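A.B. asks: Predicted model and sequence below, questions to follow.
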Amino acid sequence: MGAAVQSSCFFSSLFMCPEHLKLLFLMWLSVATAVLGVAAARADTCPATFKVLPGVGIMDEPTTIGHVAVASTAGCCAACVSTPTCVAWTFHPAATGNGTCYLTAHPVHPHGGGSNCTSGTSAQLPPPPSPPSPVPLPVVPTPKPPLGYQPNIILFLTDDQDEILGSRVAMPKSNALLGKQGATASNWFIFTPVCCPSRAEYLTGRMFHRLRVNGVNGTYPGQNPPHITFGANGGGCMANGCMCVNDTLVNSDSFPMYLKAAGYTVGMFGKHLNDCPSSMPSGFDRWFANGGGDYTGAGCKFFDNESPSGSISCAEVQAQSGYGAGYETSVIGNKSVEWIGSVGRGPKPFMAYIGVHAPHLPATPAPWYANAFTNASLALHYKTPNYNALGVDHHWVVAQQAPLDEAQESEIDGLFRDRWRTLLSHDDLIEAVIGEVQRLGLMDKTFFFATSDHGYNLGQLRLAGNKLHPYDNCLKIPMQIRGPGIVPGSTFNHVGQNLDLAPTFLDMAGIKGAGDMDGQSLLGPLLNPSGPAIRNYTYHEYNSLGNYTVNKGLIDDPTSHTWRAVRFAHAEPFGHALFYGEFTSLDNWNYDFEKNPGAYTFFEVFNLDADPWQLHNIYASIPPAVQQALHDLVETNFNCRRSTCLQPIALPPALL
């Protein structure tokens, strides 16, 4: 995710403070904003009465007085000093321009397993909360693995790695070890193209609408819309739960719990959820995890169940073992290899979940790769036919984009190179992990999956960066699979998405159908790719994070950019591949147009054979009966659960 929306310092929702605090803050804001620039300019450092805490947040939304836009930690501290009821602050910088300063009268214990925010407090911080009691493992049937044994499973998960812009070109070792020795998927997609929802879906196999926060006074997932601040930076799902995910629903019912119950040893290395638990959730045996962290420096750290303090920094890992030269991807890789080398000799099968931060902003390469691709001509990869092209007939946040200027294009080129540089370290990680499995003699009993949490935009449809959109740049992701029964050098043409991995893993373990999951096992098509397709489309959802600007371009807004969509990858049943999307405002996140008749409504349809770059919206030209059938399909999936999900589209007989 982009730097403008990257942090574990945010809270469940904004402005859930007592009414008298809200009024007091608003009264103060009318005066303070006029002098804040002067106050910030004079505050080179925070007063000695404030203890400054880099890399953590110290507040929750019920105690938040409010937030203001400031340029620096000094400005945030000055805002707190100028507010009579404020005793603590958290500052989250933006990629460009002002960051956001959150003020509170009641700080909580520091939280955040590595982020780029900074906090300060003049009050005594409360002690850390007691860790939650472990959730009991589920009861599973006696495993009956279809392969005759329970294979080891290794998942490599990157952060923001694209498929459309050619990122796999930067990973020759992975291409040789996974692509040439396994299968490369041609139609693999993400359900929700943003970090925390995507990762929640990976862990649970459930759709986003079943994992959402309850909203205002809601009692079941997604009942009511979240708190929204219109017209301000942020204020949407970024300020509600983990990007509107209720992480309790994830950590209490995830695929690692079922695998462990079925006899697996499970290890987590690297990025878990953005709101990463400090203590090891049920289902794991090894916990070396963070919420993304920083590539280097003080923010490069992990929660570690083997550390006496419960956490460890990359610098400490380097000092203790020499691992990784303090670089996050290398530390994750070495810790993963160390664990696999240990459990691989044991009697149990293992599952390793390895999630790196690369190539996420700020895309800081390892020092030894800092100059890679410097002289390479890479523009041919990101200057796609829809680069800097206006989607004039698209929904509002896309249709209003201005042409990219010279500074934006320079930023895109530099970031593209840095993204590839960070992937070189992930390439090394994959080589090292596979090498360890080979050394243990376990290749014939191990499956490898290498994929991403979503794709990325770099100038497509004039979107200056980030993800969040329903177009192929964001939805289509790399996937390479190697394991026993997978044909070397093959292409996997069946449609699949992140929802399908959890049920596939359980199928491999011999407990197919266990768990409350909406995805479908793809083990059958993987082992018999010439067999019938399980389905011919993927379904997708996204709820706006709020107003967010990346590289000087608005890439999200709460009024037009909450959406649900379906994507048909093959010719059936329309004679061509097709995309259909519905767009509305975040306060109508349940698409209840009877209750909200004035809500923003927009539709997009693309013929993906004739228009693969999704430049020409043909919604108005398709028959009303097809429009209705597509609407009914997304409505059905939006309200589905388990076996009722991902059913075939019901087209009128005359159209078949």
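C.D. replies: Received the coordinates, thanks.

A.B. asks: what pairs with Met351 across the strands?
C.D. replies: Ile153, Val266 (DSSP bridges).

A.B. asks: so how far is Arg206 from the most centrally placed residue in the chain?
C.D. replies: Central residue of the chain (CA atoms, centre = their mean): Cys195, 1.1 Å from the mean position. Applying CB to CB, to the nearest Å, the value for Cys195 to Arg206 is 17 Å. Bear in mind the C-beta positions are built from the backbone N, C-alpha and C, glycine included.

A.B. asks: Report the contact partners of Cys80.
C.D. replies: The contact partners of Cys80, by CB atoms under 8 Å, 6 or more residues apart in numbering, come to Phe50, Cys86, Val87, Ala88, Trp89, Cys101, Leu103, Gly120.

A.B. asks: Could you work out the most separated pair of these?
C.D. replies: Using CB to CB, the contacts of Cys80 span at most 14.1 Å, a distance reached by Val87 and Cys101.

A.B. asks: Comparing those two, which shows the higher neighbour count?
C.D. replies: Each of Val87 and Cys101 has its neighbours counted (other CB atoms under 10 Å); Cys101 has more, 25 against 19.

A.B. asks: Where neighbours are concerned, which of the contacts of Cys80 has the most?
C.D. replies: Trp89 (33 neighbours).

A.B. asks: excluding its backbone neighbours, what's nearest that residue?
C.D. replies: Cys80 (4.2 Å; CB to CB, 6 or more residues apart in numbering).

A.B. asks: sec struct for the one you found, please.
C.D. replies: Three-state call for Cys80 (DSSP: H, G, I helix; E, B strand; the rest coil): helix.

A.B. asks: how close does it sit to Asp592?
C.D. replies: 40 Å.

A.B. asks: And Ala289, by the same measure?
C.D. replies: Following CB to CB, the distance that separates Ala289 from Asp592 is 37 Å.

A.B. asks: more crowded one of the two?
C.D. replies: Counted by other CB under 10 Å, Ala289 and Asp592 do not tie: Ala289 has more neighbours, with 27 against 12.

A.B. asks: so the more buried one, which of the three states?
C.D. replies: Put simply, Ala289 is strand when judged by three-state DSSP.

A.B. asks: in the sheet, who's paired with it?
C.D. replies: Going by DSSP bridges, Ala289 forms beta bridges with Gly270, Phe303.

A.B. asks: do Leu578 as well
C.D. replies: Bridge pairing for Leu578 (DSSP bridges) gives the partners Phe568, Asn607.

A.B. asks: correct me, but Ala585 touches Phe602?
C.D. replies: Quick fix: residue 585 is Ser, not Ala. No - counting by CB atoms under 8 Å, Ser585 does not reach Phe602; the two are 10.2 Å apart.

A.B. asks: Looking at these two, which is more packed in?
C.D. replies: Relative neighbour count places Ser585 above the other of Ser585 and Phe602, with 22 against 18, counting by other CB under 10 Å.

A.B. asks: so how far is stretch 458-466 from its chain's centroid?
C.D. replies: 18 Å (CA atoms, centre = their mean, to the nearest Å).

A.B. asks: Equivalent analysis for stretch 484-498, please.
C.D. replies: 23 Å.

A.B. asks: what do you get for stretch 235-251?
C.D. replies: Here stretch 235-251 is found 12 Å from its chain centre; the criterion is CA atoms, centre = their mean.

A.B. asks: Pull out the buried positions in it.
C.D. replies: Buried positions in stretch 235-251, judged by neighbour count with 16 or more other CB atoms under 10 Å: 235-247, 249-251.

A.B. asks: And for stretch 168-180?
C.D. replies: Arg168, Ala170, Met171, Lys173, Ser174, Asn175, Leu177, Leu178, Gly179.

A.B. asks: still on that earlier bit, which neighbours do Ser585 and Phe602 have in common?
C.D. replies: Counting by CB under 8 Å, 6+ apart, the contacts common to Ser585 and Phe602 are Ser560.

A.B. asks: all helices in the stretch 401-550 of the chain, in order from the N-terminus.
C.D. replies: With DSSP state H, counting those that start in this stretch, the ranges of helices along the stretch 401-550 of the chain come out as 406-440, 472-475, 501-509, 523-527.

A.B. asks: Any chance of the ones you listed in CSV with mean pLDDT, distance to Ser311 and mean neighbour count as columns?
C.D. replies: CSV is the format used below for the helices of the stretch 401-550 of the chain (pLDDT from 0 to 100; distance: least, CB to CB, whole Å; neighbours: other CB atoms under 10 Å):
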stretch, mean pLDDT, distance to Ser311, mean neighbour count
helix 406-440, 97, 22, 20
helix 472-475, 98, 33, 26
helix 501-509, 98, 28, 25
helix 523-527, 96, 37, 20
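
A.B. asks: mind checking which of these is nearest Tyr353?
C.D. replies: helix 501-509 (10.1 Å).

A.B. asks: Tell me the spacing between the nearest residue in space to Asn457 that is not next to it in sequence and Thr538.
C.D. replies: Spatial nearest neighbour of Asn457, excluding adjacent residues (CB to CB, 6+ apart): Leu463 at 4.3 Å. Leu463 sits 21 Å away from Thr538, going by CB to CB.

A.B. asks: do Glu411 as well
C.D. replies: 31 Å.

A.B. asks: one step back: can you lay out the helices of the stretch 401-550 of the chain as JSON lines showing distance to Ala577?
C.D. replies: Below are the helices of the stretch 401-550 of the chain laid out as JSON lines (distance: least, CB to CB, whole Å):
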{"stretch": "helix 406-440", "distance to Ala577": "27"}
{"stretch": "helix 472-475", "distance to Ala577": "10"}
{"stretch": "helix 501-509", "distance to Ala577": "23"}
{"stretch": "helix 523-527", "distance to Ala577": "18"}
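
A.B. asks: and of the contacts of Cys80, the nearest to Tyr580?
C.D. replies: Using CB to CB, Cys101 comes nearest to Tyr580 of these, at 41.0 Å.

A.B. asks: Report the contact partners of the nearest residue to that closest one once chain neighbours are set aside.
C.D. replies: In space, and not counting its chain neighbours, Cys101 is closest to Cys76: 3.6 Å by CB to CB, 6+ apart. For Cys76, the contact set (CB under 8 Å, 6+ apart) comprises Val70, Trp89, Thr90, Phe91, Gly99, Cys101, Thr118, Gly120.

A.B. asks: The second one bridge partners, please.
C.D. replies: Per DSSP bridges, residues listed as beta-bridge partners of Trp89: Leu103, Gly120.

A.B. asks: List the contacts of it.
C.D. replies: Counted by CB under 8 Å, 6+ apart, Trp89 has contacts Cys76, Cys77, Ala79, Cys80, Cys101, Tyr102, Leu103, Thr104, Ser119, Gly120, Thr121.

A.B. asks: Do a quick rundown of the strands in the stretch 1-150 of the chain.
C.D. replies: Ranges of strands in the stretch 1-150 of the chain, per DSSP state E, counting those that start in this stretch, are 51-54, 64-70, 88-92, 99-104, 118-121.

A.B. asks: which of those strands is buried the deepest?
C.D. replies: Stretch with highest mean neighbour count among the strands of the stretch 1-150 of the chain: strand 88-92 (a mean of 29; mean count of other CB atoms under 10 Å).

A.B. asks: just how off-centre is it within its chain?
C.D. replies: Relative to the centre of its chain, strand 88-92 is centred 23 Å away, using CA atoms, centre = their mean.

A.B. asks: Quick check: the closest residue to Val135 other than its chain neighbours vs Lys271, distance?
C.D. replies: Leaving aside its chain neighbours, Val135 sits nearest to Ser282 (4.1 Å; criterion: CB to CB, 6+ apart). Noted for Ser282: a distance of 19 Å to Lys271, by CB to CB.

A.B. asks: Among the two, which residue is more densely surrounded?
C.D. replies: A direct count of neighbours by other CB under 10 Å for Ser282 and Lys271 places Lys271 higher, at 29 against 19.

A.B. asks: Unless I'm misreading it, that one sits right up against His357, doesn't it?
C.D. replies: Yes - counting by CB under 8 Å, a contact exists between Lys271 and His357, whose distance comes to 6.0 Å.
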